[in-house]
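K.L.:
Quick check, what structure comes out for this input:
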Amino acid sequence: MDFLTRNEMKPLLDKSKVIAVVGLSDNPERTSYMVSKAMQDNGYEIIPVNPAIDEALGIKAVPALKDIGRHVDIVNVFRRSEFLPEIAREFDEIDADIFWAQLGVYNEEAYDFLKSKGHTVIMDRCIKVEHALTR
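P.N.:
Numbers count the residues shown, from 1 in each chain. Reported below is the predicted structural model:
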């Protein structure tokens, strides 16, 4: 596995504008909400992807990545590691640049699949922390 360095992540975060957040909760106490709110406060457009909620952060949620219907820069995943292979396959079918799995979320099968398709993959890293440390 070849992990990106912080220096390699900075330009990716700098050029990205739209983040689809898979598993974003509408509960302000949840990590997915807090991280996504911080990214929204830093100028990123957030698209909640969660079939179990109507909206989060004031934005209507979509049930799946395929329902976004526009370009996404980063897909940030807040789901357990065993769900990553399925989400990776969905990611491969949409117009998105970077697959990002949050801190503690990693799956080798998903990583290998995405890399074999030429995708940029970041796993087991918190996007909020990486953003703050590259400023």
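K.L.:
Spatially central residue in the protein, please.
P.N.:
In the chain, the residue lying closest to the centroid (CA atoms, centre = their mean) is Asn76, at 0.7 Å.
K.L.:
Isn't that one up against Ala20?
P.N.:
Yes: counting by CB atoms under 8 Å, a contact exists between Asn76 and Ala20, whose distance comes to 7.1 Å. To be clear about C-beta, it is placed using only N, CA and C from the backbone, and glycine gets the same treatment.
K.L.:
related to what we said a few turns ago, run through the residues that contact the residue nearest to the centre of the chain.
P.N.:
Taking CB atoms under 8 Å, 6 or more residues apart in numbering, we find Asn76 in contact with 19-22, 35-36, 39, 100-102, 127.
K.L.:
rerun that using 6 Å as the cut-off
P.N.:
Under the criterion of CB atoms under 6 Å, 6 or more residues apart in numbering, the contact list for Asn76 reads 19, 21, 100, 127.
K.L.:
Find the residue closest to Thr31 in space, skipping its chain neighbours.
P.N.:
Closest residue in space to Thr31, ignoring its immediate chain neighbours: Phe78 at 7.1 Å, by CB to CB, 6 or more residues apart in numbering.
K.L.:
ok, that neighbour - how many residues close by?
P.N.:
A total of 22 residues lie near Phe78 under the criterion other CB atoms under 10 Å.
K.L.:
that older thread, out of the contacts of Asn76, which is most surrounded?
P.N.:
Among these, Val21 has more neighbours than the rest - 30 neighbours, counting by other CB under 10 Å.
K.L.:
isn't there a strand covering that one?
P.N.:
Yes: counting by DSSP: H, G, I helix; E, B strand; the rest coil, one finds Val21 located in a strand.
K.L.:
Report the contact partners of it.
P.N.:
Residues near Val21 by CB under 6 Å, 6+ apart: 36, 46, 48, 76.
K.L.:
Next, give phi and psi for the last one.
P.N.:
Main-chain dihedrals, Asn76, degrees, to the nearest 10: phi -100, psi 120.
K.L.:
where's the host helix or strand of Ile74 relative to the chain centroid, distance-wise?
P.N.:
Ile74 belongs to strand 72-77 when elements are defined using DSSP states H and E. From the chain centre to the centre of strand 72-77 is a distance of 4 Å (CA atoms, centre = their mean, to the nearest Å).
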